[in-house]
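In: predicted coordinates and the sequence they were generated for:
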Amino acid sequence: MTALKLNGVNKKFGRVQVLNDISLEVEEGEFVVFVGPSGCGKSTLLRVIAGLEDASSGEVFIAGEKMNLTPPARRGIGMVFQSYALYPHLDVRGNMALALKQERQPKSVIEERITEASRMLDLDAYLDRRPSELSGGQRQRVAIGRAIVRQPKLFLFDEPLSNLDAALRMNTRIEISNLHRQLNATMIYVTHDQTEAMTLADKIVVLRDGWIEQVGSPMQLYNDPANQFVAGFLGSPAMNFLPASLLNAGDERIFGIRPEDLVIAANGPLAAKVTHVEHLGGDTNVVLEASNGTPITLRLFGQHDIGFGAALKLGFPAGKAFYFDSDGKRVAA
Amino acid sequence: MNKARRNPLNIAAAHAILLTYTAIALFPVFVILINSFKTRKAIFREPLTLPNEESFSLIGYQTVMQQGDFFLYFQNSMIVTVTSLFFILLFGAMAAFALSEYRFRGNTLMGLYLALGIMIPIRIGTVAILEMMVASGLVNTLWALILVYTASGLPLAVFILSEFMRQVSDDLKNAGRIDGLSEYTIFFRLVVPLVRPAMATVAVFNMIPIWNDLWFPLILASSEATKTLTLGSQVFIGQFVTDWNAVLSALSMAILPVMVLYVIFSRQLIRGITSGAVK
Ligand SMILES: Nc1ncnc2c1ncn2[C@@H]1O[C@H](COP(=O)(O)OP(=O)(O)O)[C@@H](O)[C@H]1O
Ligand SMILES: [Mg+2]
């Protein structure tokens, strides 16, 4: 069964169109990531699904039921916010219990669910603390716990990791992934970070300016991007884009190649000069400048001694090159 | 903490300025207090000296207690001030919440309309208000005063509070909605506690003018049963003779309740400020 179905959803704020004709299906148990640059409408889309904003037009189905007019609390969703949004006047236990109390669940059920959630999230020691007495990572876990105890059909996460530091972000990412496996629940996760999208998602939805650019599994999008935007957004360092005329004169198209697919080759077709080298230990990122001034990034595995200003010739396997027309649409090689 | 603030010279200077200001601000209150305990002669001869064995007298307080029903006036002032503040805060906060939280047609216009009241003094409408009160039979009731003060306090309250409510995190309110809280619960349990410092500010701004007002009590509620403290004290100020002992004693006693209210509100104010800073 489909856990979530969006049918031609539009959203306008005044005269500004923020979401354009969003249609989408999410299967039960899927982990779907909405990814796109800041301001592209990801949070708005999530709020429309949650019922916190009304769609200007279009339909929202959750678990097969049309939900356009259902208030958020009755949609069977749990939501985790970027700013944690814990209730400051309640302790951790109270934060998790509130929704269940509103549903008039019996005390024993509330107790049981809180125990279960706090065990999963390692919150046992903090149940009697106020949010102000917790660290950022702990607050985020409480926010997740607050969503879990309701046993929702659909979890919504709005950039839950963006307020955490790098080390914690990786741990929490793994925790969320584990949680998805344990709960076997449908999750929708919003982020502007392509790494989070690639590592967590079963299915990625790439958004730009309120339009869906492409939907697919991480590797589908990586190996077969529909356009220049998707190709450039996923993958780190980002794909290089050059005028194809550098390779054969008169070609109007845009040529794209991923940094890891470029190799240094004495008779390669691309000539470039080294302007910067980043030694990461495991990898070496070389920034070069093509003959027309376009920057090119080259990613080499292992450690390489490359001098500043060196002139290199670069080659690539023919199958790894992408071509886009002047509108950014992918075209055949 | 930064260096400038820890520098002892700066600390001394800051304290000197604050202490000077406090002294200047408290001086009139101090003079009123000491003179209220002196004989009439001593008040005029040496207004700035403390009362001593010779000049000490409670005559002013005795006059106040005997003449008129001072405690009733007191009670009236208290009822009018506290009830007006309650309504100003309640309706002001609710209107501010609606204006800052909900998108509806005419939202901005409504906000501007409410803000207009800040610029127009309510006393301009005294005659119309009096006619309305007469027509509705509210003249010489405390309700007349409460309604007028509530109306005149609301514009500024809405203006200040809606600005603060806009800053309350949307995520927090949305989390409440997802957890099934009603809009009223979200307002009273989540939003109001977070704008408490702003509410205390509004309360302090409104409290003193209401407590001290002479105009509306004189016009709308001058009967013996509804006199406020300020109006009641006027009996001691005559055109030709003024009973200074009684006036000063009445004033001294009138200061007390506002002080208590002020301490209550300002504690809220300070608690709000520091809880924001430490977080
Ligand atoms: N309540 C609102 N009123 C008007 N415009 C809004 C509102 N909320 C969001 N927007 C606009 O909608 C666009 C998308 O916002 P948002 O969904 O928050 O983006 P994202 O989460 O992808 O960063 C932005 O341009 C933003 O300015
Ligand atoms: Mg967002």
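Out: Okay, I see it. Residues are numbered from 1 along each chain as shown, chains lettered A, B, ... in the order given. Ligands and ions are numbered 1, 2, ... in the order given.

In: how about the nearest residue to B:Asp179 once chain neighbours are set aside, what does it touch?
Out: Nearest non-adjacent residue to B:Asp179, counting by Cβ to Cβ, 6 or more residues apart in numbering or on different chains: A:Ala99, 3.7 Å away. Glycine gets a C-beta too; all of them are placed from N, C-alpha and C. For A:Ala99, the contacting residues are A:73, A:146, A:149-150, B:178-180, by Cβ atoms under 8 Å, 6 or more residues apart in numbering or on different chains.

In: by neighbours, which of those wins?
Out: Counting neighbours by other Cβ atoms under 10 Å in any protein chain shown, A:Arg146 comes out on top of these with 29 neighbours.

In: so which of the contacts of A:Ala99 comes closest to B:Ala25?
Out: The nearest member of these to B:Ala25, counting by Cβ to Cβ, is B:Asp179 at 47.6 Å.

In: next one, pLDDT for the residue nearest to the spatial centre of chain B please.
Out: In chain B, the centroid-proximal residue (Cα atoms, centre = their mean) is B:Met207; its distance is 0.9 Å. Looking at B:Met207, its pLDDT reads 90.

In: where's whichever residue of chain B sits closest to ligand 1 relative to chain A, distance?
Out: Nearest to ligand 1 in chain B, going by Cβ to the nearest ligand atom, is B:Arg103, at a distance of 7.4 Å. From B:Arg103 across to chain A, the span is 9 Å (Cβ to the nearest Cβ, to the nearest Å).

In: circling back: gap between the residue nearest to B:Asp179 and A:Lys273?
Out: As for A:Ala99, its distance to A:Lys273 is 60 Å (criterion: Cβ to Cβ, to the nearest Å).

In: can you check B:Ser77 too?
Out: Taking Cβ to Cβ as the criterion, B:Ser77 is separated from A:Lys273 by 85 Å.

In: quick one, strands of the stretch 151-279 of chain B?
Out: Assigned by DSSP state E, counting those that start in this stretch, the strands in the stretch 151-279 of chain B number zero.

In: residues from it in reach of chain A?
Out: Neighbours of chain A within the stretch 151-279 of chain B, by Cβ under 8 Å from any Cβ of the partner chain: B:169, B:171-172, B:174-181, B:189-190, B:193-194, B:279.

In: the residue nearest to B:Asp179 in helix, strand or coil?
Out: helix (DSSP: H, G, I helix; E, B strand; the rest coil).

In: check what pLDDT it gets.
Out: A:Ala99 carries a pLDDT value of 94.

In: which strand or helix spans A:Met187?
Out: Assigned by DSSP states H and E, A:Met187 belongs to strand A:186-191.

In: is chain B contacted by that strand?
Out: No - interface with chain B: strand A:186-191 contributes nothing (Cβ under 8 Å from any Cβ), its closest point being 12.8 Å away.

In: just the residues contacting that strand, thanks.
Out: A:3-4, A:26-35, A:42-43, A:45-46, A:49, A:153-162, A:176, A:180, A:196-197, A:200-201.

In: buried subset of these?
Out: For those, a neighbour count by 16 or more other Cβ atoms under 10 Å in any protein chain shown gives the buried set as A:3-4, A:26, A:30-35, A:42-43, A:45-46, A:49, A:153-161, A:176, A:180, A:196-197, A:200-201.

In: these in helices, which ones?
Out: Per DSSP state H, helices hold the following members of the buried ones among the contacts of strand A:186-191: A:42-43, A:45-46, A:49, A:176, A:180, A:196-197, A:200.

In: of these, list those near ligand 1.
Out: A:42-43 (Cβ under 6 Å from any ligand atom).

In: and the helices in the stretch 51-200 of chain B, which stretches?
Out: Using DSSP state H, counting those that start in this stretch, the helices of the stretch 51-200 of chain B run over B:59-66, B:70-101, B:107-119, B:126-135, B:142-166, B:170-178, B:183-185, B:192-194, B:196-212.

In: which secondary structure elements does the longest one contact?
Out: Okay, so that is helix B:70-101. Packing partners of helix B:70-101 (3 or more Cβ pairs under 8 Å, 6 or more residues apart in numbering or on different chains; DSSP states H and E): helix B:107-119, helix B:142-166, helix B:196-212, helix B:229-233, helix B:244-278.

In: distance from the chain centre to that helix, please.
Out: Its chain's average C-alpha position is 10 Å from that of helix B:70-101, according to Cα atoms, centre = their mean, to the nearest Å.

In: what about it, near ligand 1?
Out: No - Helix B:70-101 stays clear of ligand 1 (Cβ under 6 Å from any ligand atom), getting no nearer than 10.9 Å.

In: now do that helix against helix B:107-119, angle only.
Out: Following axes from the mean of the first three to the mean of the last three Cα atoms, to 10 degrees, one obtains 150 degrees for the angle between helix B:70-101 and helix B:107-119.

In: now for A:Met79, how many residues are close by?
Out: Other residues lying near A:Met79 total 30 when counted by other Cβ under 10 Å.

In: partner residues bridging the closest residue in space to it that isn't next to it in sequence?
Out: The shortest distance from A:Met79 to any non-neighbouring residue, by Cβ to Cβ, 6+ apart, is to A:Leu156 (4.4 Å). For A:Leu156, the beta-bridge assignment (DSSP bridges) gives partners A:Met79, A:Ile188.

In: isn't A:Leu156 right up against A:Leu45?
Out: No - with contact defined as Cβ atoms under 8 Å, A:Leu156 and A:Leu45 do not form a contacting pair (10.0 Å).

In: out of the helices of the stretch 51-200 of chain B, which gets the lowest mean score?
Out: helix B:59-66 (a mean of 85).

In: OK, contacts around B:Leu19?
Out: Per Cβ under 8 Å, 6+ apart, neighbours of B:Leu19: none.

In: ok, and it, which helix or strand is that part of?
Out: Going by DSSP H and E, B:Leu19 is part of helix B:8-35.

In: buried stuff in that helix?
Out: Residues of helix B:8-35 classed as buried: B:32-35 (neighbour count, 16+ other Cβ under 10 Å).

In: what is the rounded mean pLDDT of whichever helix or strand comes after that helix?
Out: Along the chain past helix B:8-35, the next helix or strand (assigned with DSSP H and E) turns out to be helix B:40-45. Taken as a whole, helix B:40-45 carries a mean pLDDT of 86.

In: do the same with stretch A:51-66
Out: On average, the pLDDT along stretch A:51-66 is 95.

In: now do the same end-to-end measure for that stretch.
Out: For stretch A:51-66, the first-to-last residue distance is 12 Å (Cα to Cα, to the nearest Å).

In: chain A - how does it break down into domains?
Out: Following automatic domain parsing, one finds the domains of chain A at A:2-231, A:237-331.

In: what separates the last one from the chain centre, distance-wise?
Out: Think domain A:237-331. 26 Å.

In: for the first one, same thing?
Out: Computed by Cα atoms, centre = their mean, the separation of domain A:2-231 from the middle of its chain amounts to 11 Å.

In: stretch B:33-50 now?
Out: Taking the mean of its C-alpha atoms, stretch B:33-50 sits 29 Å from the chain's own mean (Cα atoms, centre = their mean).

In: now stretch B:46-58
Out: The answer for stretch B:46-58 is 32 Å, by Cα atoms, centre = their mean.

In: what helices and strands are in contact with the helix or strand bottoming out on mean pLDDT in chain A?
Out: When each helix and strand of chain A is scored by mean pLDDT, DSSP states H and E, helix A:166-183 comes last, with a mean of 91. On a contact count with 3+ Cβ pairs under 8 Å, 6+ apart, helix A:166-183 meets helix A:107-121, helix A:136-148, strand A:186-191, helix A:194-200.

In: fine by me, we can end here.
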